[in-house]
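Chemist: pasting the sequence and the predicted coordinates here, then a few questions.
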Amino acid sequence: MSHKWDSRAPFPALTTIAERIGLDVRTVRASVKRLEDLGYLRREPAPYGGPNRYHLEGLFRALEQLIDEDAKAEAASSKEAA
C-alpha cells in the first residue's frame, strides 16, 4: 500500500518489492501470480515495458467480506451471552 499514491492503481516494480521485503524477485513473482489466481489481485500490463499496475479490488472485497462475517459472529455471540 505504500505505493498507492493517488487514485490510480499502484505500479511498484517487483524488484522494488523484493528488495523491500528481503525476498528473491522470483518468490515475489510467484506470490503475485498466486494472488492473481485467488482473485485478490489483477495485473494490468504497462505499455512500452514499464512496470505493471496492480488492481486490488479483489483483495478489498475479500477483506470487506471477512469484516462483515466477523461482525455477524460477534453479534451472534453477544446475543448468546445475553
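Modeler: In hand now; what should we look at?

Chemist: quick one: least confident helix or strand in the chain?
Modeler: Every helix and strand of the chain was ranked by mean pLDDT, DSSP states H and E. The lowest is strand 53-55, at a mean of 85.

Chemist: pLDDT averaged over whichever strand or helix holds Thr27 - what is it?
Modeler: Element membership for Thr27 (DSSP states H and E) is helix 25-38. Across helix 25-38, the average pLDDT comes to 96.

Chemist: C-terminal to it, what's the next element?
Modeler: Once the chain leaves helix 25-38, the next helix or strand it forms, by DSSP H and E, is strand 42-44.

Chemist: which is the next helix or strand following the least confident helix or strand of the chain?
Modeler: Immediately after strand 53-55, counting by DSSP H and E, sits helix 57-81.

Chemist: buried residues in that next one?
Modeler: For helix 57-81, the neighbour count (16 or more other CB atoms under 10 Å) marks Leu59 as buried. Where C-beta positions appear, they are placed from N, C-alpha and C, glycine not excepted.

Chemist: repeat for stretch 44-52
Modeler: So stretch 44-52, judged by 16+ other CB under 10 Å, has buried residues Asn52.

Chemist: got the CA positions of that stretch in PDB?
Modeler: Extracted in PDB, the C-alpha atoms of stretch 44-52 (Å, rounded to 0.1, in the frame of the first residue of the first chain):
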ATOM      1  CA  GLU A  44      -2.500  -4.600 -15.800                       C
ATOM      2  CA  PRO A  45       0.500  -4.800 -18.100                       C
ATOM      3  CA  ALA A  46       2.100  -1.500 -18.700                       C
ATOM      4  CA  PRO A  47       2.500  -0.200 -22.200                       C
ATOM      5  CA  TYR A  48       6.000   0.100 -23.500                       C
ATOM      6  CA  GLY A  49       7.600  -2.200 -21.000                       C
ATOM      7  CA  GLY A  50       7.100  -0.100 -17.900                       C
ATOM      8  CA  PRO A  51       6.100  -1.600 -14.500                       C
ATOM      9  CA  ASN A  52       2.700  -3.300 -14.300                       C
END
